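Trainee: My questions are about this predicted structure, shown below with the sequence.
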Amino acid sequence: MSESGIWKHDPRTGYELGTDLIGYKVEATDGPIGKVDRHSADVDSSYLVVDTGTWIFGRRVLLPAGTITRIDPAEEKVYVDRTKDQIKDAPEFDEAKYADEPSYLEQFARYYGQPHM
């Protein structure tokens with residue numbers, strides 16, 4: 001997946017513009033990782049911020065929309081194409097840096113834009 005494509009919702013996931021994903025549970029390929037704390041559906045910069053709770057010590061991680069494989073509105077779950085370890089090793093989401101640094105999302109594009117297994 002290209003770095004630019006990582007920020008777009010794939011129409012096959014079931015995402016509908018305007019759907020509020022905050023509070024949805026998030027499932028990695030190998031189990032649950034937390035709940036959606038923040039969601040952006042901005043064109044070419046759509047993402048989720050997931051509160052991992054106690055799983056990785058309350059850390060918040062950013063997942064670009066391109067990592068989403070399926071959304072189940074009935075169960076209020078978002079499924080992503082990464083393992084727990086891949087998400088745990090991702091850069092941590094920092095609200096202050098996001099607000100102050102226009103290029104902040106580039107590190108996530110580099111990390112998630114890499115081929116994954």
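Mentor: In hand now; what should we look at?

Trainee: remind me which residues of this structure are low pLDDT?
Mentor: Within the chain, the stretches falling below the threshold (pLDDT under 70) are 1-4, 55-57, 114-117.

Trainee: Let me know the outermost residue of it.
Mentor: For the chain, the largest distance from the centre (C-alpha atoms, centre = their mean) belongs to residue 100, which lies 20.3 Å off.

Trainee: From residue 91, how far off is it?
Mentor: Using C-beta to C-beta, to the nearest Å, residue 100 is found at 16 Å from residue 91. For every residue, glycine as well, the C-beta is placed using N, CA and C.

Trainee: What of residue 31?
Mentor: Residue 31 is 21 Å from residue 91, by C-beta to C-beta.

Trainee: Could you measure from the spatially most central residue of the chain over to residue 83?
Mentor: Centroid-nearest residue in the chain, with C-alpha atoms, centre = their mean: residue 63, separated by 1.9 Å. Distance of residue 63 to residue 83, given as C-beta to C-beta: 12 Å.

Trainee: Next: residue 74.
Mentor: For residue 74, the distance to residue 83 - C-beta to C-beta - is 25 Å.

Trainee: who has more neighbours, the two?
Mentor: residue 83 (16 against 5; other C-beta atoms under 10 Å).

Trainee: Just the terminal-to-terminal distance for stretch 64-81.
Mentor: 11 Å (C-alpha to C-alpha, to the nearest Å).

Trainee: One more: stretch 38-50?
Mentor: By C-alpha to C-alpha, one end of stretch 38-50 lies 7 Å from the other end.

Trainee: Any buried residues in that stretch, and which?
Mentor: Across stretch 38-50, burial judged by 16 or more other C-beta atoms under 10 Å covers 38, 39, 41, 46, 47, 48, 49, 50.

Trainee: Neighbours of the residue lying closest to the third one once chain neighbours are set aside, how many?
Mentor: Ranked by C-beta to C-beta, 6 or more residues apart in numbering and with sequence neighbours excluded, the top spatial neighbour of residue 41 is residue 17, at 6.3 Å. Neighbours of residue 17 under the rule other C-beta under 10 Å: 7.
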